[in-house]
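Predicted model, plus sequence, below.
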Amino acid sequence: MNNDRAVQFAPFDSLRGYYTMVQTQQRQTEPRRRLSEEEEAKINALLLKVKKGDMLRVSYYNIDRYETRVGVCHSIDLTNRTLTVLDTLIPTDDIIYAEIE
C-alpha cells in the first residue's frame with residue numbers, strides 16, 4: 001500500500017525529450033574546415049603506418065564540432081576508411097590531425 005502512495009509523488013516528465021532538445025541546441029557548433037592537399041597527404045601517410053594497439057591522438061569533425069580522442073587504436077579499416085580509437089568509430093575523411101604517441 002505504501003508503494004502505491006509513493007508512485008503519486010514520482011517525478012512526471014510532461015515534456016518528454018524537451019530537455020535533451022534544449023541541450024542539443026545549446027551545443028556550440030563549429031564550421032567544418034577544408035584541409036589542404038598537403039595536410040591530407042600527411043594524414044593519409046600516417047594512417048598507413050597505424051597498427052592495432054598503437055597509442056593515437058586524433059582530432060576529427062563530429063557532427064557539428066571538432067573533438068579529440070587520445071587512446072589505443074582498436075582497429076583501422078583502410079577499405080571502409082574508418083579508425084576506431086577507444087570505442088569511437090571515426091571516419092578517416094573527418095580527421096584533421098593525427099599522431100602516433
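Right, received. Where do you want to start?

so where's the chain uncertain?
1-15, 24-27 (pLDDT under 70).

Give me the distance between Leu78 and Asn44.
According to Cβ to Cβ, to the nearest Å, Leu78 and Asn44 sit 9 Å apart. For the C-beta atoms, the positions are set from N, CA and C on the backbone; glycine is no exception.

hey, which helix is longest across the protein?
If each helix of the chain is counted by residues according to DSSP state H, the longest one is helix 37-49.

what's the next helix or strand after that helix in contact with?
Proceeding N to C from helix 37-49, the next assigned helix or strand is strand 55-62, under DSSP states H and E. Strand 55-62 is contacted by residues 32, 50, 66-73, 83, 85, 90-91, 94-101 when judged by Cβ atoms under 8 Å, 6 or more residues apart in numbering.

Out of those, which end up buried?
Among the contacts of strand 55-62, those scoring as buried are 50, 69, 73, 83, 85, 90, 94-96, 98 (criterion: 16 or more other Cβ atoms under 10 Å).
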